[in-house]
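Asks: take this sequence and fold it.
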Amino acid sequence: MPSMDSKQLVNLVREQGIDIFERMFRAVELVQERLNRACAALQQAQVPYAVIGGNAVAAWVATIDEGAARNTRDVDLLLAEDDLPQATIALQKAGFVRDDVMGTVVFLDGNDGKPSQGLHILIAGRKVRPEYATATPTIDQSVEIQSKRIVELEALVEMKLNSYLRKDQTHLLDMIHVGLVDDSWPDRFPPQLGNRLKELLEDPAG
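Replies: All right, here's what the predicted structure looks like:
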């Protein structure tokens, strides 16, 4: 679709009768619903897991300032490789459909689900990419927050420093801004990761 200016976009919305704010709020609700459904299914099947990614960041940020928590469009979960078959059965019973997208296990929300809005699975204790400084956390590196297992804060920061895409930098800055991460943290990580964190701490405004 070619790019459009503001007036063209507004006219398109009017023509199609789209309620932008209802759509926006519904998108947030759907992510929360998928997260709740996935965690409940895994807990019922007694499959250890940990919430990672943007939802984990939002959970930790909300412990300090709920207004600073950022919405995310997908759900990222950490699973042990040996538990993946059992997790697959549990999640399929909850309405998810297993797929493989560019080497990553993704559970779509139904047959018509979009990969970008699905459950993205990372395997515990394994490097996501060979060039990463460290591997993903173990399942034991998690804590319970309001009935969900969330990856520990330090392990989450390390994951974000490894990936270090623009969204990861934004998530790290969110944690810095609410005081979850401070100048004492860089020394907790290998130099490659610690230096990345120092850069963000020295210039949190970008």
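
Asks: with adjacent residues omitted, what lies nearest to the residue nearest in space to the middle of the chain?
Replies: Per CA atoms, centre = their mean, the C-alpha nearest to the average position across the chain is that of Gly53, at 2.4 Å. Excluding the flanking residues, the one nearest Gly53 by CB to CB, 6 or more residues apart in numbering is Asp76, at 2.9 Å. (Each C-beta comes from the backbone N, C-alpha and C, glycine too.)

Asks: and that neighbour, what element?
Replies: Assigned by DSSP states H and E, Asp76 belongs to strand 75-79.

Asks: what is the mean pLDDT for that strand?
Replies: Mean per-residue pLDDT for strand 75-79: 97.

Asks: following that strand, which helix or strand shows up next?
Replies: Downstream of strand 75-79 (by DSSP H and E), the next one is helix 84-93.

Asks: for that following helix, C-alpha coordinates in PDB please.
Replies: In PDB, the C-alpha atoms belonging to helix 84-93 read as follows (Å, rounded to 0.1, in the frame of the first residue of the first chain):
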ATOM      1  CA  LEU A  84       8.400 -28.600  24.200                       C
ATOM      2  CA  PRO A  85       6.300 -31.700  23.300                       C
ATOM      3  CA  GLN A  86       4.200 -31.500  26.400                       C
ATOM      4  CA  ALA A  87       3.800 -27.700  26.000                       C
ATOM      5  CA  THR A  88       2.700 -28.200  22.400                       C
ATOM      6  CA  ILE A  89      -0.100 -30.500  23.500                       C
ATOM      7  CA  ALA A  90      -1.200 -28.100  26.300                       C
ATOM      8  CA  LEU A  91      -1.200 -25.000  24.000                       C
ATOM      9  CA  GLN A  92      -3.000 -26.800  21.200                       C
ATOM     10  CA  LYS A  93      -5.700 -27.700  23.600                       C
END
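
Asks: and the strands in the protein?
Replies: 50-52, 75-79, 96-101, 104-109, 119-123, 142-145, 148-151 (DSSP state E).

Asks: on contacts alone, who are the packing partners of the shortest one?
Replies: Here strand 50-52 is seen to pack against strand 75-79, strand 148-151 when contacts are counted using 3 or more CB pairs under 8 Å, 6 or more residues apart in numbering; DSSP states H and E.

Asks: with mean neighbour count added, can I get those in CSV?
Replies: CSV is the format used below for the helices and strands packed on strand 50-52 (neighbours: other CB atoms under 10 Å):
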stretch, mean neighbour count
strand 75-79, 24
strand 148-151, 24
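
Asks: and the ones you listed: which comes nearest Val181?
Replies: Val181 lies closest, by CB to CB, to one member of the helices and strands packed on strand 50-52: strand 148-151, at 14.5 Å.
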